[in-house]
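[1] Coordinates for the following, if possible.
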Amino acid sequence: MTKYIILTALFFCSILATAQDHQLNLWEDGKIPNFQKTDEKEVHHTDGGILWITTVQTPLIDVYLPTPRNATGQAVIICPGGGYHGLAYDWEGTDVARWLNSKGIAGIVLKYRLPKSESQIVPHESPLLDAKRAIRLVRYHAKDWNVDPDQIGIMGFSAGGHLASTLGTHFDYGVKDAADPIDQMSSRPDFMTLVYPVVSTTADFIHKGSKDALVGEDAEEVLVQHYSSELQVGMDAPPTFLIHAGDDKAVPVENSLVFYQALKEKGVEVEMHVYPAGGHGFGLGVGMGYLQTWTDRLADWLDRLNTNDPKKEEWQPMFNGKDLTGWDIHIAGHEIDENYKNTFVVEEDMLRIKYDEYEAFENKFGHMYYEKPMEYYKMRFDYRFTGEQTPGGATWNVRNSGVMFHSQSPASLGKDQHFPVSVELQLLGGLSDGKARTTANICTPGTYFEIDGKVIKDHCYSSTSKTYDGDQWVNVEAIVLGDSTWIHIVEGDTVMVYEHPRLDGEYISKGNPLNWESAHVDNSADFIQRADELIKGGYIALQAESHPIDFKNVEILDLKGCMDKTAKNYKAYFVKGDKELCKY
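    Prediction:
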């Protein structure tokens, strides 16, 4: 009898061991954030044939991997629903993971903490903390699991859909200097799948149970809006797939409809399927007629996301339309990232340079730097000058701004430095005086360039553009090809072509009162020593020169990448190859 019991136990242990490929705690013992030890116990119980988990104490992921031969490289983290009171762990979790495996996709079920648990210090924070950590953890293990780190998505059902949409609107790109290498990973999902999701916490069709469980019945309005996902969509939100039933009485279809509209308004790719009948909580829809085909639609969509079109240009937004995440600020006389008097702000999807809080300009030249240095790329944007110049600005700064290319890093700037060593695409507005004033010109603080093989050391050199008076929007595109050819395009017309940007021994030009010293370039000796050196790459910065200006539709297309036609990420438009970026 004893032998039988031992063999039976070993048999069931073997089943449990193969139930998933890996089970990983999200956090090390004793290091779970926003957690306090209580007498509360995690509860697993079955109700209506569904495994429910409540009062989660140990957040983790259950990892289900397809066979390596079938693996597509995609992975989906699955957030089961349950109104933020519990998790329908098999119905909207492990069953879904196994279905994903049948399509060659890694299915990873997230057992996330619930806000109703007494163990959570600030209840509403824990679910998102766990979702972010799950994405980072999968990216960290991507190579070991045959997963493409750029093909990791989030999927959620009902309140789990709310958590997924919250991650898709409140992600971050990792903490670069974090001691834990996992925390250095981005928490941005590469795509979202939301199935009958709770989305809004503010509209009249909210799911009150989920909202109250997450933030409480009497939460402050700012917190309620923070978790109303349709209000938080940024331009960098991931592509999204939505499924809902039109007759859903628990979580009305309007939740998906408003999210679809919000994504469309931000220019984010989104696909939605609304079935006339199905109610709420149908899971995979097995045995429910044509409703069960929703997974076929999802499989097609995921396959398309994972299929490379070599000719399709993959432009990326450079700012999210919500805040200044991804940019570093330098204003003369101030520390890095001190946004003096709110010079740089985001309003109505625009990145605005404003001087409403200034009494006088006082040479507070400012630049806002894109966090990623670039070499070969296209950049495009719309700009307009607005209002009047700030008192104290120089006459030459009226309707004058610019975009700096191949700039020195913000960290290398002197505290009082006016302009970075860079190549400036100068933006000028007409003065409505009948005189020509071209835009997309070139200016050269600490640099020079060539046109048709001729060295040009003029500080500013005019383009052939038209003059744009008033507050009208103007579209500009720049093509920057490392240390070779550069092109400026205004409203579709090529207005300047030049090449071979180099460092200059002079900051502006001989005899100009603005020199290395007066411009407060603390490390000028290094630039002088490197005079005539080709500039191969650097940072991009938007300029603040005393006149208010707005930017929108700011996008970038990297022209450096994998040029091996057999690779999954080959692009026909790449002009600079990097074998280390190839994926096979």
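
[2] so Gly281 sits right up against Ala250, yeah?
    Yes: under the criterion of C-beta atoms under 8 Å, Gly281 lies in contact with Ala250, with a separation of 7.3 Å. Every C-beta, even on glycine, is put in place using the N, C-alpha and C of the backbone.

[3] The closest residue to Leu231 other than its chain neighbours: neighbour count?
    In space, Leu231 comes closest to Gln225 once its chain neighbours are excluded; the distance is 5.6 Å by C-beta to C-beta, 6 or more residues apart in numbering. Using other C-beta atoms under 10 Å, Gln225 is surrounded by 13 other residues.

[4] Contact partners for Gln225?
    Listed by C-beta atoms under 8 Å, 6 or more residues apart in numbering, the contact set of Gln225 reads Thr201, Thr202, Leu231.

[5] So for the helix or strand hosting it, mean pLDDT?
    If you go by DSSP states H and E, Gln225 is part of helix 221-226. Here the mean pLDDT over helix 221-226 is 95, rounded to a whole number.

[6] After it, which helix or strand is next? Please name it.
    As the chain continues past helix 221-226, the following element, by DSSP H and E, is strand 240-245.

[7] the inter-axis angle of the very next helix or strand once past that following strand versus strand 240-245?
    The element immediately downstream of strand 240-245 (helix or strand, assigned by DSSP H and E) is helix 254-265. Using axes from the mean of the first three to the mean of the last three C-alpha atoms, to 10 degrees, the direction of helix 254-265 lies 150 degrees away from that of strand 240-245.

[8] Against which helices or strands is helix 254-265 packed?
    Helices and strands touching helix 254-265, as assessed by 3 or more C-beta pairs under 8 Å, 6 or more residues apart in numbering; DSSP states H and E, comprise strand 240-245, strand 270-275.

[9] Mark out where each domain of the chain begins and ends.
    Using automatic domain parsing, the domain ranges for the chain come out as 44-306, 317-561.

[10] which of the ones you listed sits most buried?
    Comparing the domains of the chain on average neighbours per residue, with mean count of other C-beta atoms under 10 Å, the densest one is domain 44-306 at a mean of 20.

[11] start to end distance for it?
    Using C-alpha to C-alpha, to the nearest Å, one end of domain 44-306 lies 36 Å from the other.

[12] That domain: how far from the chain's middle?
    Average the C-alpha atoms of domain 44-306, do the same for its chain, and the two points are 17 Å apart (C-alpha atoms, centre = their mean, to the nearest Å).

[13] so Val147 makes contact with Ile77?
    No: applying C-beta under 8 Å as the test, Val147 and Ile77 come out as separate, 11.0 Å apart.

[14] so what's in contact with the two at the same time?
    With contacts taken as C-beta under 8 Å, 6+ apart, Val147 and Ile77 have Val138 as neighbours in common.

[15] Enumerate every residue touching the residue lying closest to Trp52 once chain neighbours are set aside.
    If you skip the residues right next to it in sequence, Trp52 has Gly86 as its closest partner in space, 4.8 Å away by C-beta to C-beta, 6+ apart. The contact partners of Gly86, taken as C-beta under 8 Å, 6+ apart, are Trp52, Ile53, Thr54, Leu114.

[16] Same question for Phe574.
    Residues touching Phe574, when contacts are defined by C-beta under 8 Å, 6+ apart, comprise Leu559, Lys560, Gly561, Cys562, Met563.

[17] Now do the same for it: helix, strand or coil?
    Under DSSP: H, G, I helix; E, B strand; the rest coil, the three-state class of Phe574 is coil.

[18] Thr307 too?
    coil.

[19] same thing with Asp471?
    Local secondary structure at Asp471 is given as coil here, using three-state DSSP.

[20] where's it relative to Val495, distance?
    Between Asp471 and Val495 the distance is 21 Å, computed by C-beta to C-beta, to the nearest Å.

[21] Could you do Glu517 as well?
    Glu517 sits 34 Å away from Val495, taking C-beta to C-beta as the criterion.

[22] Kindly report the same for Gly366.
    Taking C-beta to C-beta as the measure, Gly366 and Val495 are separated by 26 Å.

[23] again with Asp522
    Separation of Asp522 from Val495 (C-beta to C-beta) stands at 35 Å.

[24] Contacts for whichever helix or strand Met155 is part of next, please.
    Using DSSP H and E, Met155 sits in strand 152-157. Counting contacts by C-beta under 8 Å, 6+ apart, the residues outside strand 152-157 that touch it are 74-81, 88, 92, 96, 131, 135, 138-139, 142, 162-165, 167-168, 189-197, 238, 281, 283, 302.

[25] Export the helices and strands packed on helix 254-265 to a markdown table and append columns for mean pLDDT and distance to Asp382.
    Converted to a markdown table, the helices and strands packed on helix 254-265 look like this (pLDDT from 0 to 100; distance: least, C-beta to C-beta, whole Å):
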| stretch | mean pLDDT | distance to Asp382 |
| --- | --- | --- |
| strand 240-245 | 98 | 25 |
| strand 270-275 | 98 | 23 |
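
[26] Now distance to Thr390 too, for the ones you listed, in a markdown table please.
    Listed next are the helices and strands packed on helix 254-265 as a markdown table, based on distance: least, C-beta to C-beta, whole Å:
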| stretch | distance to Thr390 |
| --- | --- |
| strand 240-245 | 41 |
| strand 270-275 | 40 |
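
[27] wait, which of these is closest to Leu324?
    strand 240-245 (24.0 Å; C-beta to C-beta).

[28] Tell me the helices and strands packed up against the closest one.
    Packing contacts for strand 240-245, counted by 3+ C-beta pairs under 8 Å, 6+ apart, involve strand 192-195, helix 254-265, strand 270-275, helix 294-305.

[29] between the contacts of Gly86, which is nearest Thr307?
    Taking C-beta to C-beta as the measure, Thr307 sits nearest to Ile53 out of the contacts of Gly86, at 36.0 Å.

[30] my guess is the closest one is in a strand, correct?
    Yes: secondary structure of Ile53, determined by three-state DSSP: located in a strand.

[31] what sits against it?
    Ile53 makes contact with Glu42, Val43, His44, Gly86, Leu87, Tyr89, Lys111 under the criterion C-beta under 8 Å, 6+ apart.

[32] Now with 10 Å, please.
    By C-beta atoms under 10 Å, 6 or more residues apart in numbering, Ile53 lies in contact with 42-45, 80, 82, 86-90, 93, 111-112, 114.

[33] Could you work out the most separated pair of those residues?
    His45 and Tyr112 (17.9 Å).

[34] so can I have a markdown table of the contacts of Gly86 showing distance to Tyr376 and pLDDT?
    As requested, the contacts of Gly86 are exported to a markdown table (distance: C-beta to C-beta, whole Å; pLDDT from 0 to 100):
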| residue | distance to Tyr376 | pLDDT |
| --- | --- | --- |
| Trp52 | 53 | 97 |
| Ile53 | 49 | 98 |
| Thr54 | 53 | 97 |
| Leu114 | 47 | 97 |
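
[35] Distance to Asn400 for those - can I get that in JSON lines?
    Formatted as JSON lines, the entries for the contacts of Gly86 read as follows, by distance: C-beta to C-beta, whole Å:
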{"residue": "Trp52", "distance to Asn400": "63"}
{"residue": "Ile53", "distance to Asn400": "61"}
{"residue": "Thr54", "distance to Asn400": "61"}
{"residue": "Leu114", "distance to Asn400": "55"}
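
[36] ok, of those residues, which one's closest to Asn475?
    Sorting those by distance to Asn475 puts Leu114 at the head of the list, at 48.2 Å, by C-beta to C-beta.

[37] where along the stretch 51-200 of the chain do the strands fall?
    With DSSP state E, counting those that start in this stretch as the definition, the stretch 51-200 of the chain shows strands at residue ranges 60-64, 75-79, 87-88, 106-111, 152-157, 192-195.

[38] what angle separates the fifth one from helix 294-305?
    With the same axes, to 10 degrees as the basis, strand 152-157 and helix 294-305 are set at 160 degrees to each other.

[39] strands paired with strand 152-157, and their directions?
    strand 75-79 (parallel), strand 192-195 (parallel) (DSSP bridges).

[40] just the angle between the longest one and strand 60-64, please?
    Pointing back at strand 75-79 there. 130 degrees.
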